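Q: show me how the following folds:
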Amino acid sequence: MRLFSLFLLTATLSFATHFVPSKVCSKCHPAIYKEYMGSMHRNSSVFNDPVHKAVWDKHPLKAKQKYNCAVCHTPTDTKLIEAFKKGKPALPQANRIQRDEPIGCATCHRIQSIRAHAQQNKNIYNNKPKYYYAAKGGKTVKERVKFHEEPSFFGLFKKAKGSPFHTIDYTNRLFANGAVCLGCHDHKRNKQGLAICSMDRERAKPSAKTNCVTCHMPQVSGSLSTITETKTHAYHGFAGLHVRPDLLAKYIALTIDAPKGKLRVTVKNQADHRLFSHPLRLAQLRVTIERQNKTVTLPPVNLFTVLGKNGRPAMPWVADTVLKQNGIGAKESRTFAFDFIPKKKDRITVTLGYYIVNPQSARKLGIKERGIKEFKVLKSKIFPY
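A: Residues are numbered from 1 along each chain as shown. Here you go, the predicted structure:
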């Protein structure tokens, strides 16, 4: 009876919306759904993300009622997207979709292909009802699984295979090589043709072993579903600067030396994209030294991007040049020299951290949320000298 009620609910919701609500997925994927609820996918709308709201509030298109961010920030709100395409007033409303799942489970798992564009890429969704893509054990295999039961233990028992709700297609390579994320997370150019945000992925080609999914959705403990029991599943909280940055720390290597007496710190970015690519970010390399019960704090090294126009800092939508960019690119190592001479028995702590929004920009944007203005640690390491 419970299973019948679930089918009845999903059938009703399928007709009511373009994408099946993620709450339906929670019935069989409770661990994944719990992670999703705290993710930036679930919090990508102007009603859930104070940074996105602050930027949108200052965007000139708001006064024109043209929310052009919807295709990536709220793709589940298909009514809003259709209104925008037809030139009608298109402003996000505080409805269930915007607040509960601007980017839902079905949004990503229905991406059939990615269409490359100079301004920004585009996700192409399949229109087959209850037909979802995934990788099987992180790999692409020639298999499409419909729900069925297979006999086991000499036919005495039956083992469920697949999902009673949807077909699972494991043939889509985008889900094994991580390219499924690139419809929204590769690059964004404004009307001036300036790449206001770029992952700098041309430096390194992702592979099946290292890509967006393997890094930001690593295997964590817990079963994939209540139907198919597994020891681990891909993390659906989407590790990033907002959520579980500790899961990304292993892709940063910190080392020190002092070849000419003065301290040097080398940061190696082992990811296949630029670190802190968003132009609002401010990263800092901090170094402290403990010496004979005293602590010496060295001036931090700031890593940031400044977009501009006419030689002055400007908002992303009007900028036509990059005034300064001193971040760390894909697979790049950067060495920073400090005016400090280390001595034996020094205890040197090196920390690479960040602000979600540069404090100066946060003040200009009127962002007051504490979590946005706090310094967060990406990786820290202690070196006995």
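Q: can you give me the pLDDT of Tyr132?
A: We note a pLDDT of 96 for Tyr132 in this prediction.
Q: swap that for Met199, please
A: pLDDT, Met199: 85.
Q: so who does it touch?
A: Going by C-beta atoms under 8 Å, 6 or more residues apart in numbering, Met199 touches 185-187, 273-274, 277, 330. C-beta here means a position set from N, CA and C on the backbone, and glycine is covered the same way.
Q: which of those residues sits closest to Val220?
A: The closest of the contacts of Met199 to Val220 turns out to be His185 (C-beta to C-beta; 20.8 Å).
Q: so Phe340, which state does it fall into?
A: Three-state assignment for Phe340 (DSSP: H, G, I helix; E, B strand; the rest coil): coil.
Q: leaving out the residues flanking it, which one is nearest to it?
A: Distances taken as C-beta to C-beta, 6 or more residues apart in numbering put Leu263 closest to Phe340, at 4.7 Å, once the chain neighbours are dropped.
Q: host element of Lys53?
A: Remark: Lys53 resides in helix 50-58, with elements defined by DSSP states H and E.
Q: helix or strand right after that helix?
A: Per DSSP H and E, the first helix or strand lying C-terminal to helix 50-58 is helix 60-63.
Q: can you map out the strands along the stretch 251-385 of the chain?
A: For the stretch 251-385 of the chain, the strands defined by DSSP state E, counting those that start in this stretch cover 252-257, 264-269, 282-291, 294-297, 301-309, 312-313, 321-325, 333-337, 347-355, 376-384.
Q: and the residue nearest to Phe340, what is it in contact with?
A: 256, 287, 298, 337-338, 340-342, 348 are the contacts of Leu263 under C-beta under 8 Å, 6+ apart.
Q: can you pull the pLDDT of it?
A: Looking at Leu263, its pLDDT stands at 98.
Q: state the distance from Val46 to Ala90.
A: 13 Å (C-beta to C-beta, to the nearest Å).
Q: so Thr266 makes contact with Thr255?
A: Yes: assessed by C-beta atoms under 8 Å, Thr266 is found in contact with Thr255 at 4.8 Å.
Q: low pLDDT regions in the chain?
A: For the chain, the stretches with pLDDT under 70 are 1-17, 147-161, 201-208.
Q: quick one, helices of the stretch 1-150 of the chain?
A: With DSSP state H, counting those that start in this stretch as the criterion, the stretch 1-150 of the chain has helices at 2-16, 22-25, 30-37, 50-58, 60-63, 70-73, 78-85, 96-100, 105-109.
Q: now render those helices as CSV, adding distance to Pro316 and mean neighbour count.
A: Below are the helices of the stretch 1-150 of the chain laid out as CSV (distance: least, C-beta to C-beta, whole Å; neighbours: other C-beta atoms under 10 Å):
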stretch, distance to Pro316, mean neighbour count
helix 2-16, 36, 12
helix 22-25, 30, 21
helix 30-37, 28, 18
helix 50-58, 8, 18
helix 60-63, 12, 12
helix 70-73, 14, 20
helix 78-85, 19, 16
helix 96-100, 22, 18
helix 105-109, 24, 23
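Q: tell me which of those helices lies nearest to Val306.
A: Closest approach to Val306 among those (C-beta to C-beta): helix 50-58, 15.9 Å.
Q: what bridges to Ile289?
A: Legend: beta-bridge partners of Ile289 under DSSP bridges are Val296, Ile348.
Q: contacts only, for it.
A: Shown in contact with Ile289 (C-beta under 8 Å, 6+ apart): 295-296, 298, 340, 342, 346-349.
Q: and those residues, which is closest to Lys136?
A: Among these, Thr349 lies closest to Lys136 (C-beta to C-beta), at 42.7 Å.
Q: dump the residue contacts of that closest one.
A: Residues in contact with Thr349 (C-beta under 8 Å, 6+ apart) are 287-290, 380-383.
Q: Tyr67: how many residues sit nearby?
A: 23 (other C-beta atoms under 10 Å).
Q: for Gly261, same thing?
A: 8.
Q: contacts only, for it.
A: The contact partners of Gly261, by C-beta under 8 Å, 6+ apart, come to Ile341.
Q: any idea how far it lies from Gly240?
A: Relative to Gly240, Gly261 is positioned 39 Å away (C-beta to C-beta).
Q: could you do His73 as well?
A: Separation of His73 from Gly240 (C-beta to C-beta): 15 Å.
Q: mind listing what Cys72 touches?
A: Residues counted as contacts of Cys72 (C-beta under 8 Å, 6+ apart) are 44, 120, 183-184.
Q: of these, closest to Tyr133?
A: Among those, and counting by C-beta to C-beta, the member closest to Tyr133 is Gly183, at 13.0 Å.
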